[in-house]
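K.L.:
Provide a 3D model corresponding to the input given below.
(3 chains)
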Amino acid sequence: MPELPEVEVVRRSLASLVGGRLAGVSGHPIRLRRPLDPDSWCEQLAEARLEEVGRRGKYLLLSFGAHTAVLHLGMSGRLLLGAPGFPEPAHTHLRFHFDDGRELRFVDPRRFGMGELVPAEELGRWPWLASLGEDALQGDVRGALDRVLPRSRSTVWSGLLNQKVLAGVGNIYANEALHRAGIRPLRNARGISRPARTQLADAVKAVLAEAVEQGGTTLADGGFVDGSSQGGYFAVRLRVYAKGGTPCIQCGEKITRLQKHGRPVFFCPRCQR
DNA sequence: ACTCGCCTGTCG
DNA sequence: CGACAGGCGAGT
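P.N.:
Predicted coordinates for the structure are as follows:
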């Protein structure tokens, strides 16, 4: 569910925890994308202070001095701030107990998420972070697309979704950026001209920045919420995603929906060439 | 470069 | 009840 903007919104919603000290970590061992053992987190983090909440692509980084908690929300993950006595959602796998009584809960029904506790000095070498490409919000998006797309044998849509190229773009924003740039998702990446790549890079940055401003995309199912359980408002600005059959906002043509690698792709057959 | 599988919840 | 969902890595 959460792509870069949603993770960034969560990151910002946790700002009030920064500087706080842990009183403990709890939960039951469970298999997420990797096994999670809350007891070992509790031992290693002891009474650590939360120094910073960072983000790389779709990964959240909670820096506790000697260790960094690396969290990925997968499709259904949430990080929720709770007050003492606040009822706890189902599928709460991990709780950070702060010494002011507040709790940060990692909730993930579908268990596609992940939590890893990494020694700070190993963070840069940690494989899943190390393989990430340019951050799609803050990095050199144009440079990354210029380097990779002309040599890619895949579609431009796949290229945007490839986290080794750009870190943070998921299916919603890939579709939206391609519409804004007037590019058909399933075109060969190497056939995209340099000016079109520049437009695409600008569109990626613009759509992500706008989505962050709007608090992220919360679709009708209410999936995404920030740390305070607030949804975002970008869904009303979506131009193609989940809009198959409805008129294009720019030209009135019906939005096409098709399926690629089992995932939905949306585009306007008139505006996007 | 593509397919599959990991899970639960929700919707038609 | 089946189809489908925002992701991603392993295996082919």
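
K.L.:
what about the residue in the stretch 101-250 of chain A positioned nearest to DNA strand B, neighbour count?
P.N.:
Closest residue of the stretch 101-250 of chain A to DNA strand B, CB to the nearest atom of the strand: A:Ser154 (2.8 Å). All C-beta spots, glycine's among them, are computed from the backbone N, C-alpha and C. For A:Ser154, the count of nearby residues is 16 (other CB atoms under 10 Å).

K.L.:
who are the neighbours in contact with it?
P.N.:
A:Asn162, A:Asn188, A:Ala189 (CB atoms under 8 Å, 6 or more residues apart in numbering).

K.L.:
filter the residues you listed to the buried ones?
P.N.:
Buried subset of these (neighbour count, 16 or more other CB atoms under 10 Å): A:Asn162, A:Ala189.

K.L.:
circling back to that earlier point, separation between the residue of the stretch 101-250 of chain A closest to DNA strand B and A:Val7?
P.N.:
Remark: distance between A:Ser154 and A:Val7 (CB to CB, to the nearest Å) = 24 Å.

K.L.:
Which positions in the stretch 151-273 of chain A make contact with DNA strand C?
P.N.:
A:161, A:163, A:170-172, A:217-219, A:221, A:223-224, A:235, A:259, A:262-264 (CB under 7 Å from any atom of the strand).

K.L.:
of those residues, list those near DNA strand B.
P.N.:
Near DNA strand B, by the rule CB under 7 Å from any atom of the strand, you find A:Asp221, A:Gly262 out of those.

K.L.:
Can you flag the buried ones in the residues of the stretch 151-273 of chain A next to DNA strand C?
P.N.:
With neighbours counted by 16+ other CB under 10 Å, those contain buried members at A:Leu161, A:Gln163, A:Gly170, A:Asn171, A:Ile172, A:Thr217, A:Thr218, A:Leu219, A:Phe224, A:Ala235.

K.L.:
where does the residue nearest to the last one when sequence neighbours are not counted land in three-state SS?
P.N.:
With sequence-adjacent residues excluded and distances taken as CB to CB, 6 or more residues apart in numbering, A:Ala235 is closest to A:Thr217, at 5.2 Å. For A:Thr217, the secondary structure call by DSSP: H, G, I helix; E, B strand; the rest coil comes out as coil.

K.L.:
pretty sure A:Thr217 contacts A:Val225?
P.N.:
No - contact criterion CB atoms under 8 Å: A:Thr217 and A:Val225 do not qualify, at 11.4 Å.

K.L.:
Just the local confidence number for the residue of the stretch 101-250 of chain A closest to DNA strand B, please.
P.N.:
A:Ser154 carries a pLDDT value of 91.

K.L.:
Please tell me how far it sits from DNA strand C.
P.N.:
13 Å (CB to the nearest atom of the strand, to the nearest Å).

K.L.:
With A:Gln272 instead?
P.N.:
18 Å.

K.L.:
Grab the nearest non-local neighbour of that residue.
P.N.:
The nearest residue in space to A:Gln272 (CB to CB, 6+ apart) is A:Arg184, at 4.7 Å.

K.L.:
can you pull the pLDDT of the one you found?
P.N.:
At A:Arg184, pLDDT is 95.

K.L.:
what sits against it?
P.N.:
Here A:Arg184 is in contact with A:Val156, A:Leu178, A:Phe267, A:Gln272, A:Arg273 (CB under 8 Å, 6+ apart).

K.L.:
Just put these in CSV and tack on neighbour count, secondary structure and distance to A:Phe112.
P.N.:
Listed next are these as CSV, based on neighbours: other CB atoms under 10 Å; DSSP: H, G, I helix; E, B strand; the rest coil; distance: CB to CB, whole Å:
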residue, neighbour count, secondary structure, distance to A:Phe112
A:Val156, 27, helix, 25
A:Leu178, 28, helix, 24
A:Phe267, 25, strand, 26
A:Gln272, 23, coil, 30
A:Arg273, 11, coil, 35
